[in-house]
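**Q** Okay, sequence plus prediction incoming.
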Amino acid sequence: MITDRQEKLLNFIIKEYVKTAKPVGSALVAKKGDFDLGPASLRSEMCELERAGYLSHLHTSGGRVPTDKAYRHFVNNLLENDFEPTMNEKRKIKAAVSSSDDPYRLNQGIARILSELSDNLVITKILNEDNFYKVGLASLFEMPEFREFDRMFRLTSFFDEFDRMFEKIEREFFGDFEDEKLPGFNVFIGRENSLLGVREETVMTARYDLPEGLEGLLTLVGPTRMDYGRNIGLVKYTTEQMNQIARQT
């Protein structure tokens, strides 16, 4: 159990790391954060968070980075709140979901718009059909996390083999881990993913209705250092819009 001050500190570090992809040190927290504590006191609190498994050192840097445990704690708190996309994002999503009555084209359209808005990899599929649409891998490779060859290779292999692996993926991501707070929506962080190709990434999955009585499955893959609140809001809003469209057809 962490204290309220440690909770606030952890949230600050996560948000700063999401923005910069750079380890966060106590001097930066003292300068930018609203803690009324000096660097020495902040270092002590950060050491406590590290001992509890929420922070770790990255290489030899004096700063800390969030762990999978920290992101899970952060996301669990986020799931209790509603996140609204911006008006411009809503406009783009509505345009995508109203662009066609064809479920296959709609599935392609929402993959493209979600990848564009999130800068993450998005894969959509129609349940019980061998029909995939994948977009956004190039956007991931522009991020600092994916400049290492081994990580690029693993993610590219996952992307290329997604169709062949989907029976297992469907079982792992859409079968046994339904989130009671958000039915049909799940977030798997780092090593929560059992698939080796994405054990350093975060995977969001969602189910939604499509016209003609079909059901869509959506998988968003990005770094653990993603903007969780924004991406949760984008995926939830898109699937809500899809459900509305399906009810009208």
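**A** Arrived safely. Numbers count the residues shown, from 1 in each chain.

**Q** In this structure residue 217 contacts residue 207, no?
**A** Yes. If you go by C-beta atoms under 8 Å, residue 217 and residue 207 touch, sitting 5.8 Å apart. C-beta coordinates here come from the backbone N, C-alpha and C atoms, glycine included.

**Q** The two - which one has more neighbours?
**A** residue 217 (22 against 18; other C-beta atoms under 10 Å).

**Q** helix, strand or coil for that one?
**A** What DSSP: H, G, I helix; E, B strand; the rest coil gives for residue 217 is strand.

**Q** In contact with the closest residue in space to residue 231 that isn't next to it in sequence: list those residues for me.
**A** Spatial nearest neighbour of residue 231, excluding adjacent residues (C-beta to C-beta, 6 or more residues apart in numbering): residue 118 at 5.3 Å. Applying C-beta atoms under 8 Å, 6 or more residues apart in numbering to residue 118 gives the contacts 136, 220, 222, 226-227, 230-231, 234.

**Q** Over the host helix or strand of residue 75, what's the mean pLDDT, rounded is fine.
**A** Taking DSSP states H and E as the definition, residue 75 sits inside helix 68-78. Looking at helix 68-78 alone, the average pLDDT works out to 93.

**Q** So which elements touch the helix or strand immediately after it in the chain?
**A** Following helix 68-78 in sequence order, the next helix or strand is helix 87-97 (DSSP H and E). On a contact count with 3 or more C-beta pairs under 8 Å, 6 or more residues apart in numbering; DSSP states H and E, helix 87-97 meets helix 103-118, helix 228-248.

**Q** before we move on, back to that, what separation do you get for the residue nearest to residue 231 and residue 164?
**A** Applying C-beta to C-beta, to the nearest Å, the value for residue 118 to residue 164 is 25 Å.

**Q** doesn't residue 221 fall inside a strand?
**A** Yes. Assessed with three-state DSSP, residue 221 lies in a strand.

**Q** hang on, isn't it packed against residue 200?
**A** No. Using C-beta under 8 Å, residue 221 makes no contact with residue 200, being 10.7 Å away.

**Q** Neighbour count for the two, which is higher?
**A** residue 221 (26 against 19).

**Q** Tell me which of the helices and strands packed on helix 87-97 sits most buried.
**A** Mean neighbours per residue, mean count of other C-beta atoms under 10 Å, is largest over those for helix 103-118, with a mean of 21.

**Q** Tell me the first helix or strand C-terminal of it.
**A** Using DSSP H and E, the first helix or strand after helix 103-118 is strand 121-126.

**Q** What's the mean pLDDT across that next one?
**A** pLDDT averaged over strand 121-126 gives 92.

**Q** Which neighbouring elements make contact with that strand?
**A** Strand 121-126 packs on helix 103-118, strand 132-135, helix 137-140, strand 215-223, going by 3+ C-beta pairs under 8 Å, 6+ apart.

**Q** Quickly run through the sheet partners of it, with directions.
**A** strand 132-135 (antiparallel), strand 215-223 (antiparallel) (DSSP bridges).

**Q** mean confidence score for the longest one?
**A** Mean pLDDT, taken over the full extent of strand 215-223, equals 93.
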